[in-house]
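S.K.: Give me the fold of what follows.
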Amino acid sequence: MAEAQALSFAKMKIDPLLEEAFVAACVMTTIGAAIAFFYWVLTDMSPWPYLVLCEVAAFGFGIVLLALSSPKKYR
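M.R.: The predicted structure follows:
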């Protein structure tokens, strides 16, 4: 009986804005990694420090734009 209670998980609702921010962070990470990879492949130069530091600066701005402009889901 105690094991059944220990294994039951309660469903937790995440704030929709936090959910959108998480998705936006994943998208921005993927875009940044792809840009750095293609820069490295096409130019045969390391993307560090110029491209990577610019991507880090644009990361926060991109998250805000993607999270706030996404379609709203009402639960």
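S.K.: The residue nearest to S46 when sequence neighbours are not counted is in what secondary structure piece?
M.R.: Excluding the flanking residues, the one nearest S46 by Cβ to Cβ, 6 or more residues apart in numbering is W40, at 6.6 Å. Yep, even glycine has a C-beta here, placed from its N, CA and C like the rest. W40 is part of helix 16-43 when elements are defined by DSSP states H and E.
S.K.: packing partners for that helix?
M.R.: With contacts taken as 3 or more Cβ pairs under 8 Å, 6 or more residues apart in numbering; DSSP states H and E, helix 16-43 sits against helix 50-69.
S.K.: Mind giving me the packing neighbours of the helix it packs on?
M.R.: helix 16-43.
S.K.: thinking the residue nearest to S46 is in contact with V52, fair?
M.R.: No: using Cβ atoms under 8 Å, W40 is not in contact with V52, being 10.4 Å away.
S.K.: In three-state terms, how would K11 be classified?
M.R.: Classification of K11 by DSSP: H, G, I helix; E, B strand; the rest coil places it in coil.
S.K.: The one 3 residues further on now?
M.R.: Assigned state for I14: coil (three-state reduction, three-state DSSP).
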